[in-house]
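Q: following is a predicted model, sequence given first.
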Amino acid sequence: MLVVAEREQLPVPQARAGEPAAWDVLFKRYQMPLYVYVFELVRDEQAALDIVQETFIAALRHLAGLREDEKFGSWLFGIAHQKCIQRWRKQHREATALEELAAAPPEYEDDPGELLIRHEQEAQFMALLNQLPLPQRSVLLLHFVEDFSLEEIAGITGAALGTVKSRLHYSKKALRKLIEEEAT
């Protein structure tokens, strides 16, 4: 899985200046990590694609407001996070359930048996992860899948650093309990 690292030199100033090539670089760099993160939150392929598109449109419109170019990745994930929250609230108000989609098409593997076992384990783990509340699930995904620091997660989610630490602690504890219950 592609891990987002903010240490690389990104063409943010050029994108701010309106250079299409710079936006192409940024889009190619963040398209998949954003999609994976958003999909894990909304569990709806089309909605995830829409949110990623809306995120890049919002980034295009508001890039002038970004004060630290090196924080572009966490800023972009913050926009996506807010769009997911907005969608969740809208659905919650309308009392509609999120659709579960079939697993992604399998990747090429040499041993089909290992592939099947891995997909079953991933499906079991994701089913457990999906039982966690959205704020806890989000912190786990941002920290362990996307490799953001706790400070960056606080910026992305708009929560205080202490709240992020607490959510991470309680989400790991809750996930551990769910895994233990599943094993018995």
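A: Nice, I can see it.
Q: quick check, central residue of this protein?
A: Tyr37 (2.0 Å; C-alpha atoms, centre = their mean).
Q: might you report the residue contacts of it?
A: Shown in contact with Tyr37 (C-beta atoms under 8 Å, 6 or more residues apart in numbering): 77, 80, 141-142, 145-146. C-beta here means a position set from N, CA and C on the backbone, and glycine is covered the same way.
Q: ranges for the strands of the protein?
A: With DSSP state E, there are no strands along the chain.
Q: before we move on, the earlier item: what two of the contacts of Tyr37 are the furthest from one another?
A: Spatially, the most separated pair among the contacts of Tyr37 is Ala80 and Val145, at 13.4 Å (C-beta to C-beta).
Q: show me where this structure has its helices.
A: 12-16, 20-42, 45-62, 72-94, 112-129, 134-140, 150-157, 161-183 (DSSP state H).
Q: excluding its backbone neighbours, what's nearest Leu10?
A: Counting by C-beta to C-beta, 6 or more residues apart in numbering, Phe72 is the residue found nearest to Leu10 once chain neighbours are left out, at 5.5 Å.
Q: what's the pLDDT at the one you found?
A: For Phe72, the pLDDT comes out at 93.
Q: how many neighbouring residues does it have?
A: Around Phe72 there are 20 other residues, counting by other C-beta atoms under 10 Å.
Q: hang on, isn't it packed against Val12?
A: Yes - if you go by C-beta atoms under 8 Å, Phe72 and Val12 touch, sitting 5.0 Å apart.
Q: what about the protein, any weak spots by pLDDT?
A: For the chain, applying pLDDT under 70 flags the ranges 1-8, 91-119.
Q: wait, isn't Tyr30 in contact with Ser74?
A: No - using C-beta under 8 Å, Tyr30 makes no contact with Ser74, being 10.8 Å away.
Q: circling back to that earlier point, neighbour count for Ala80 and Val145, which is higher?
A: Ala80 (25 against 16).
Q: no more questions from me, cheers.
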